[in-house]
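K.L.:
Fold the following.
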Amino acid sequence: MWKDLSVWQYQQIYNVLNKKDKDATDLDINVQLVAIVNNMTEMQIDSLPLDKYTELSRSIAFLNEPIVGKPVKIIKISPTKAYRVIYDISKMPFARYVESKVFSNDLYGNLHKLAATMVIPQKRSFGMWFDLPYDASKHEEYANDMLEAKFLDVYNSLVFFYQVYRNWIEVSQDFMANRLIQTGMQEQEAKGVVVNLLNILDGSIAPNLLPTMKIARLRKRMRSQQ
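P.N.:
The predicted structure follows:
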């Protein structure tokens, strides 16, 4: 189910369905998806009896269903590690606007990195979560943590964040451009960055981030095996 996937698993699924390997058959793709969803290797899947493989194949049927959920305040990584999501754009350090623009060029591959730009690390004490300072030098560490997070938590929070983010940039174009100019950019270049960011954010988050036609074809093959 969608609720059981991690961000890392989602990225692997997306890569399988969008890779350029023209030699991969539907069966090859099906085996890879079943392996990812069930935290198994392809070799383990290939070694299964047909009836067991057919049973496990049903586990990927949910990939053709819409992604349903809501944004969360806290993204939990483990019982002792979590991150608070920032939805107030004005409280984000300016450098993270630029980071998110760069990462948005590869939305799916950088999903964990994007998530790491919109969170504050948390510390659990006396049964409650408290903010820790955001350390930009630890962005890679935060992003790696996001790989382990629940995909639905990250995805739905990112969708909501981007809606707010897109609207904020729309009404703050001059401010954004001026801040970029202050970093040493030429005026024309700074305005171009803002325009590009707006274009990137337009339609970048789809209701379903997987190519449903491919999934539908796989489901048809699964039914023929049963």
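K.L.:
can you give me the helices in this structure?
P.N.:
7-18, 26-37, 42-46, 50-57, 94-103, 111-117, 139-148, 151-171, 173-182, 187-201, 212-225 (DSSP state H).
K.L.:
And the contacts of the longest strand seen in the chain?
P.N.:
In the chain, with assignment by DSSP state E, the single longest strand is strand 119-125. The list of residues contacting strand 119-125 from outside it, by CB atoms under 8 Å, 6 or more residues apart in numbering, reads 74-75, 79-86, 129-132, 134-135, 138, 142, 146. C-beta coordinates here come from the backbone N, C-alpha and C atoms, glycine included.
K.L.:
With only the CA atoms kept, save that strand in PDB.
P.N.:
Included here for strand 119-125 are C-alpha records, laid out as PDB according to Å, rounded to 0.1, in the frame of the first residue of the first chain:
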ATOM      1  CA  VAL A 119      12.100  20.800   7.600                       C
ATOM      2  CA  ILE A 120      13.600  21.600  11.000                       C
ATOM      3  CA  PRO A 121      15.300  18.700  12.900                       C
ATOM      4  CA  GLN A 122      13.700  17.700  16.100                       C
ATOM      5  CA  LYS A 123      14.800  16.300  19.400                       C
ATOM      6  CA  ARG A 124      12.600  14.200  21.700                       C
ATOM      7  CA  SER A 125      12.700  15.100  25.400                       C
END
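K.L.:
partners of it, with directions?
P.N.:
According to DSSP bridges, strand 119-125 forms sheet pairs with strand 81-85 (antiparallel), strand 128-131 (antiparallel).
K.L.:
can you give me the mean pLDDT across the last one?
P.N.:
Averaging the model's pLDDT scores along strand 128-131 yields 87.
K.L.:
Which residues are in contact with the most centrally placed residue in the chain?
P.N.:
If you average the C-alpha coordinates of the chain and look for the closest C-alpha using CA atoms, centre = their mean, you land on Leu111, 3.3 Å from that point. The neighbourhood of Leu111, defined by CB under 8 Å, 6+ apart, consists of 7, 10-11, 146, 154-155, 158.
K.L.:
Those residues: which two are farthest apart?
P.N.:
Gln11 and Leu158 (13.1 Å; CB to CB).
K.L.:
and stretch 32-49, C-alpha only, in PDB?
P.N.:
In PDB, the C-alpha atoms belonging to stretch 32-49 read as follows (Å, rounded to 0.1, in the frame of the first residue of the first chain):
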ATOM      1  CA  GLN A  32      11.700  -5.500 -10.000                       C
ATOM      2  CA  LEU A  33       8.500  -3.800  -8.700                       C
ATOM      3  CA  VAL A  34       7.500  -6.800  -6.600                       C
ATOM      4  CA  ALA A  35      11.100  -6.900  -5.200                       C
ATOM      5  CA  ILE A  36      11.100  -3.200  -4.200                       C
ATOM      6  CA  VAL A  37       7.600  -3.200  -2.600                       C
ATOM      7  CA  ASN A  38       8.400  -6.300  -0.600                       C
ATOM      8  CA  ASN A  39      12.000  -5.400   0.400                       C
ATOM      9  CA  MET A  40      13.400  -8.400  -1.500                       C
ATOM     10  CA  THR A  41      16.000  -8.800  -4.100                       C
ATOM     11  CA  GLU A  42      15.300  -9.700  -7.700                       C
ATOM     12  CA  MET A  43      17.100 -13.000  -7.200                       C
ATOM     13  CA  GLN A  44      14.800 -13.900  -4.300                       C
ATOM     14  CA  ILE A  45      11.800 -13.100  -6.400                       C
ATOM     15  CA  ASP A  46      13.100 -15.200  -9.300                       C
ATOM     16  CA  SER A  47      13.600 -18.100  -6.900                       C
ATOM     17  CA  LEU A  48      10.000 -18.200  -5.700                       C
ATOM     18  CA  PRO A  49       7.500 -20.900  -6.800                       C
END
